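Participant: Sequence and predicted model, in that order:
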Amino acid sequence: MIVFAAAAAIFAVLFIQYRFYKKHCFDHLVYSAVFSSDEVYAGDDIYLYEEISNTGRIPLPYVKIDSELPDGLFFTLIEEEREGAAEKKQPAPRGFRRSAGAASAGGESGGRVRSVAGGTRSVRYDRAVKSVFILRPHSKIRRRWRILCRKRGEYRMNGVVVTATDLLGFSTESKLIPPDDGRRSRVVVLTLPEELDGRFASSRYICGDAVSNLCPVTDPLRIVGSREYSRGDPMNRINWKSTAVHGKLMVNREERTVRHRFSILLNMNSREIEQRPDTPSDIAAIERCNIICASVLSRIAAEDVPVRIFTNYPPDRFEGSEAVSADEVGSKIASAGPYRGRRDLIYALRALAKMDMTISVPAEKMFDHIISNRELYRENENLVVISSYLDGRMINLKRAMEDSGVNVVFYIATTRNNIGEIPEDTDVYFRL
């Protein structure tokens, strides 16, 4: 009888702790995630500081944490392998504790490998890692991860999936625990402008040096004269000799100088006809268009020239923009700016970084709207059209805008030419 009573008591205790852990194991578990910076450029590294705390009085003998980053961010994992020895992890920084175990899942394996004394050190990039801990009452685990920001975008940590068991492993429960402060677990990865020279080829075969009034770049080595200083001219263009002769500030006039206002037309369509009208089918091509747009903005900003952006992207989702007009098509075309100089460039890059793959209105309707309402788009003397392809509607757009006194130049992110022979008076630059 005593044995039976003891067994019943043990069974009751085990059942009670089983039910207790099943219901309350996550009640006092707190997770926080903080990025070391809230704004970086694509390709930069930042740190992610994680903290998992058990604020209750109940120990958690087994806690498995699945940490997964949004697509575009990667954990940078460094491992050392000694000759004739098992793989060893790099020591954790002082003040931080490394997880009891870590395994990658759903990320990019491989990476840089370099030799170190007595072995090799390998670097691999993964989007997800798994860690196992023992959390005593009123204890915490702190970790620091190095994160590679590979792709532009706005990213937030949604939390971690935590798996916990009771004292004897009878109950296994999982739960998604979000960060306790979502504002600190957010980072914006800005589009990194690139040098356009050498990455694009003109549609026309030109021998020797050519002077073009459509390119948003000036050549400081080709000085063709001077003119009186006007507000907004950069100080490095002042011609001091000419200033002394004329008794007033004079600046150099350079070939291909474009001291005019610019507009950029960013086409979110990757093809003339998309399989889904509201989503581009070639995401990589649109990403290249985004980079080209940032690059053109950067070059124009260096000249301190005002620039405006038009795009067939929802105006309420493009930061700092408004609808072109109130009609059916114009209300779906975003107009942002004008941006001027380096001080405004960061706002444009933020807006580009937060764009997702959404088409507010088909490109052909946008082109037709521009042709029919040229007064809404000819505020500036130059229009740079950035697209994944070239078609007949875009050539018609060029003719119509030039009739209104607006120069048009095309930057094509691919080699897609849907019109065959390009007119000789059309400046088109295809990406190599």
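Facilitator: Right, received. Where do you want to start?
Participant: What lies in contact with stretch 313-330?
Facilitator: With contacts defined as Cβ atoms under 8 Å, 6 or more residues apart in numbering, stretch 313-330 is touched by 266, 268, 309-311, 331-337, 347, 350-351, 354-356, 358-361, 365-366, 368-369, 373, 376-377. (Each C-beta comes from the backbone N, C-alpha and C, glycine too.)
Participant: Show me which of those are buried.
Facilitator: The neighbour-count criterion (16 or more other Cβ atoms under 10 Å) marks 266, 268, 309-311, 332-337, 350-351, 354-355, 359-361, 365-366, 369, 373, 377 among the contacts of stretch 313-330 as buried.
Participant: hmm, back to that, among the contacts of stretch 313-330, which are located in helices?
Facilitator: 347, 350, 351, 365, 366, 368, 369 (DSSP state H).
Participant: For stretch 328-348, measure first residue to last.
Facilitator: 26 Å (Cα to Cα, to the nearest Å).
Participant: avg pLDDT for it?
Facilitator: Averaging pLDDT along stretch 328-348 yields 90.
Participant: Make sure residue 185 is actually in contact with residue 38.
Facilitator: No: contact criterion Cβ atoms under 8 Å: residue 185 and residue 38 do not qualify, at 9.8 Å.
Participant: Could you check which of the two is surrounded by more residues?
Facilitator: residue 185 (23 against 13; other Cβ atoms under 10 Å).
Participant: got the phi/psi numbers for residue 40?
Facilitator: Main-chain dihedrals, residue 40, degrees, to the nearest 10: phi -140, psi 170.
Participant: gap between it and residue 292?
Facilitator: 20 Å (Cβ to Cβ, to the nearest Å).
Participant: Settle it for me: which of those two has more neighbours?
Facilitator: Using other Cβ under 10 Å, the more surrounded residue of residue 40 and residue 292 is residue 292, with 26 against 19.
Participant: ok, the more buried one - contacts?
Facilitator: 196, 386, 411, 413, 431.
Participant: Need the three-state assignment for it.
Facilitator: helix (DSSP: H, G, I helix; E, B strand; the rest coil).
Participant: quick one: low-confidence parts of the chain?
Facilitator: Within the chain, the stretches with pLDDT under 70 are 80-119, 181-183, 203-225, 231-234, 236, 253-260.
Participant: what residue lies at the spatial centre of it?
Facilitator: In the chain, the residue lying closest to the centroid (Cα atoms, centre = their mean) is residue 152, at 1.0 Å.
Participant: for that residue, what are its contacts?
Facilitator: 42, 72, 189, 190, 191, 192, 287, 290, 352, 353.
Participant: The first one - how many residues pack around it?
Facilitator: Which is residue 42. By the criterion of other Cβ under 10 Å, residue 42 has 19 neighbours.
Participant: ok, the spatially closest residue to it that is not a sequence neighbour - how many residues close by?
Facilitator: Leaving aside its sequence neighbours, residue 42 sits nearest to residue 192 (Cβ to Cβ, 6 or more residues apart in numbering; 4.4 Å). For residue 192, the neighbour count with other Cβ under 10 Å is 18.
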